[in-house]
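Undergrad: Need a 3D model of the sequence below.
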Amino acid sequence: KSVPVNQLLKKDVESLNFQCSIAEICHGGLVSYADSPVEGTGMSAHKVVSVQVDPGTLRILPYAKKTAMVMGNLRDQFTGKVSPYCARSILNNLIHEAAEKHNIAFNVGAEIEFCLIHASTGQPVDNSLFGNTTTLNEQEGFISVLYEQCQQQFLPVELIHAESAGGQLEVVLEYSQNPVDMCDYIVLTKETILAVSHQFGFKALFLPKFDMQKAGNGLHVHLSIRDATTGNSLFCEGTSLTAKGSAFVEGILQHLPAITGLSLPTVNSHRRIGKGCWTGSVVGWAVEDKEVAIRVCSNLRTKQLDHMECKLLDSTANPYLAVGAMLNSGLSGIIQEVALRPSLHQESSLVAHLGGPPAPLPSTLNEALDALEADSLLSKFFLGDKLSRAYLAVRRHEMERSSTMTVEDEVKEALL
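TA: All right, here's what the predicted structure looks like:
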């Protein structure tokens with residue numbers, strides 16, 4: 001919602017928190033393709049939530065220069081309590097609990113992939129493949145303006161590079177020591193990509209799988225942990241993972257099928273996952289292998305292990321919930337001091353350790369949602385009963401509609 005500046009100037013800063021209200025069902029009970037409430041969410045239109053602003057997120061939008069944007073958290077209109085449907089608050093609470101109870105803090109980075117499409121024709125701006133400079137050279141003007149407008153909003157862009165499909169680019173956001181900030185950056189960067197694309201006569205396509213012969217668009221996340229008091233890394237020591245780093249990775253692996261119910265939340269999302277798709281197809285990890293679900297990465301400068309990457313996330317997901325689910329799972333592993341399973345590169349020891357080959361990742365949205373519902377750590381303790389019920393009801397409703405759509409249908413709808 002937009003509030004005129006002259007109205008704000010009449011009131012004190014605290015009154016910003018009482019400018020916007022909206023029916024609670026709009027935050028957890030509507031499908032993505034229509035203004036239509038879903039049955040079975042446990043929500044109705046009679047309850048209203050207000051927005052408590054986060055003043056530190058205020059930004060003037062360079063693509064709408066008379067407008068500023070500010071993030072906020074949902075509160076019950078009457079009690080002032082945090083709404084159980086506020087994803088941003090859920091992630092924020094997790095961060096505080098990790099630091100205060102366990103002295104663990106998180107670092108999060110992100111990579112946002114998208115394709116530039118001619119608005120007039122619906123076709124990619126070029127037909128380049130991976131490692132080609134075509135998009136970088138021909139779209140230099142777009143890339144320059146995108147970077148400048150991100151800078152004006154203090155969005156920490158580390159790199160912009162061409163990817164593996166025609167007109168496909170990736171915006172890399174450098175590490176943040178606050179996961180909520182990173183999720184805010186993801187939202188704001190995507191808004192900026194859409195706006196700048198429009199300025200150049202393009203549409204930005206974030207759809208995960210737009211061509212069955214192409215790898216697709218992901219939203220990769222890079223994670224590590226540190227001591228909440230000293231700031232020292234807890235993830236690795238030299239070329240080895242620490243006990244806490246190992247437990248963090250194993251915690252994520254133990255809950256990975258359920259995590260995909262949040263990080264890959266559409267039928268189209270699961271078209272991007274599989275063997276040879278650069279995402280991983282089984283539950284497992286390895287060092288510097290880009291074909292596994294969890295890749296433990298080394299630092300290019302120090303040559304030492306530094307963090308982990310997960311590609312099982314895309315732009316159809318709510319980043320606060322998807323990133324939060326990964327961090328919550330990793331934290332659970334640390335608390336329980338779980339032992340890390342052997343790397344996928346250690347085939348003989350892997351089979352001996354697990355008694356068989358690694359489990360496959362969910363191949364459909366239905367499997368992913370079933371895994372999420374059955375995972376009490378994520379469905380009950382992370383999401384909470386109310387949000388879990390609403391989320392599963394909405395995603396299953398969307399799944400039923402999307403199950404008969406082709407990739408071509410999905411691309412057409414995404415470009416509307």
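
Undergrad: Quick check: the gap between the residue lying closest to residue 332 once chain neighbours are set aside and residue 112.
TA: Once flanking residues are discounted, residue 332 sits nearest to residue 251: 4.9 Å by CB to CB, 6 or more residues apart in numbering. Every residue, glycine included, has its C-beta placed from N, CA and C. The gap separating residue 251 from residue 112 is 25 Å, by CB to CB, to the nearest Å.

Undergrad: Likewise for residue 49?
TA: Residue 49 is 28 Å from residue 112, by CB to CB.

Undergrad: ok, back up a step: can you name every helix or strand that the strand or helix carrying the residue nearest to residue 332 contacts?
TA: If you go by DSSP states H and E, residue 251 is part of helix 243-254. When contacts are defined as 3 or more CB pairs under 8 Å, 6 or more residues apart in numbering; DSSP states H and E, helix 243-254 packs onto strand 219-227, strand 294-298, strand 305-310, helix 319-336.

Undergrad: and among those, the most buried is which?
TA: Mean neighbour count (mean count of other CB atoms under 10 Å) peaks for helix 319-336 among these, with a mean of 24.

Undergrad: Now residue 158: phi and psi?
TA: Per-residue torsions, residue 158: phi -100, psi -30 (degrees, to the nearest 10).

Undergrad: same deal with the one 4 residues further on?
TA: Torsion angles at residue 162 (phi, psi; degrees, to the nearest 10) stand at phi -80, psi 150.

Undergrad: Who are the contact partners of residue 43?
TA: Shown in contact with residue 43 (CB atoms under 8 Å, 6 or more residues apart in numbering): 24, 25, 28, 29, 37, 85, 390.

Undergrad: can you do 7 Å?
TA: Listed by CB atoms under 7 Å, 6 or more residues apart in numbering, the contact partners of residue 43 are 24, 25, 28, 29, 390.

Undergrad: What helix or strand is it located in?
TA: Short version, using DSSP H and E: residue 43 is in no helix or strand.

Undergrad: what's the distance between it and residue 50?
TA: 17 Å.

Undergrad: Can you point out the buried residues in stretch 106-121?
TA: Of all the residues in stretch 106-121, those buried under the rule 16 or more other CB atoms under 10 Å are 106, 107, 108, 109, 110, 111, 112, 113, 114, 115, 116, 117.

Undergrad: Restricted to helices, list these.
TA: Of the buried residues of stretch 106-121, none are assigned to helices by DSSP state H.

Undergrad: Show me those residues that map onto strands.
TA: Among those, the ones falling in strands (DSSP state E) are 106, 107, 108, 109, 110, 111, 112, 113, 114, 115, 116, 117.

Undergrad: Just to check, the last one is in contact with residue 200?
TA: When you say that, I think you mean residue 117. No - Residue 117 is not in contact with residue 200 according to CB atoms under 7 Å; the separation is 11.1 Å.

Undergrad: per-residue confidence averaged over stretch 84-98?
TA: Mean per-residue pLDDT for stretch 84-98: 98.

Undergrad: what's the answer for stretch 57-64, then?
TA: Averaged over stretch 57-64, pLDDT sits at 96.

Undergrad: Low-confidence bits of this structure, can you list those?
TA: For the chain, the stretches with pLDDT under 70 are 8-15, 347-355.

Undergrad: Just want the most central residue of it.
TA: Among the residues of the chain, residue 319 comes closest to the average C-alpha position under CA atoms, centre = their mean, at 3.2 Å.

Undergrad: Grab the nearest non-local neighbour of it.
TA: Residue 319's closest residue in space is residue 183 (CB to CB, 6+ apart), at 4.3 Å.

Undergrad: Assess the claim that the one you found and residue 324 are in contact.
TA: No - using CB under 7 Å, residue 183 is not in contact with residue 324, being 8.4 Å away.

Undergrad: who touches both of the two?
TA: Counting by CB under 7 Å, 6+ apart, the contacts common to residue 183 and residue 324 are residue 91.

Undergrad: ok, now how distant is the nearest residue to residue 284 once chain neighbours are set aside from residue 251?
TA: Spatial nearest neighbour of residue 284, chain neighbours left out: residue 344 (4.1 Å); criterion: CB to CB, 6+ apart. Look at residue 344 and residue 251: by CB to CB, they are 17 Å apart.

Undergrad: Where do the helices of this protein begin and end?
TA: Going by DSSP H, the chain shows helices at 5-9, 87-102, 134-138, 140-152, 179-199, 243-254, 256-263, 319-336, 347-354, 365-374, 376, 385-402, 407-414.

Undergrad: how many neighbours does the spatially closest residue to residue 369 that is not a sequence neighbour have?
TA: Excluding the flanking residues, the one nearest residue 369 by CB to CB, 6+ apart is residue 261, at 4.9 Å. Residue 261 has 30 neighbours, counted by other CB atoms under 10 Å.

Undergrad: Test my guess that residue 261 contacts residue 368.
TA: Yes - between residue 261 and residue 368 there is a contact under CB under 7 Å: 4.2 Å.

Undergrad: What is the most widely separated pair among the contacts of residue 43?
TA: Farthest-apart pair in those is 24 and 390; separation 9.6 Å (CB to CB).

Undergrad: what residues do the two have in common as contacts?
TA: With CB under 7 Å, 6+ apart as the test, residue 24 and residue 390 both reach 43, 85.

Undergrad: how close does the spatially closest residue to residue 367 that is not a sequence neighbour sit to residue 108?
TA: Distances taken as CB to CB, 6+ apart place residue 257 nearest to residue 367, at 7.6 Å, with adjacent residues excluded. As judged by CB to CB, residue 257 and residue 108 stand 22 Å apart.

Undergrad: Kindly report the same for residue 371.
TA: 23 Å.

Undergrad: Equivalent analysis for residue 27, please.
TA: From residue 27 to residue 108 the distance is 23 Å (CB to CB).

Undergrad: Same check on residue 192?
TA: The value you get for residue 192 to residue 108, if CB to CB is used, is 19 Å.

Undergrad: How about residue 205?
TA: Applying CB to CB to residue 205 and residue 108 gives a distance of 25 Å.

Undergrad: who's in contact with residue 378?
TA: When contacts are counted by CB under 7 Å, 6+ apart, residue 378 touches 255, 258, 325, 328, 372.

Undergrad: So what touches stretch 52-64?
TA: Everything outside stretch 52-64 that qualifies as a contact, by CB under 7 Å, 6+ apart, is 16-17, 67-73, 75, 149, 152-153, 184, 192, 195-196, 199.
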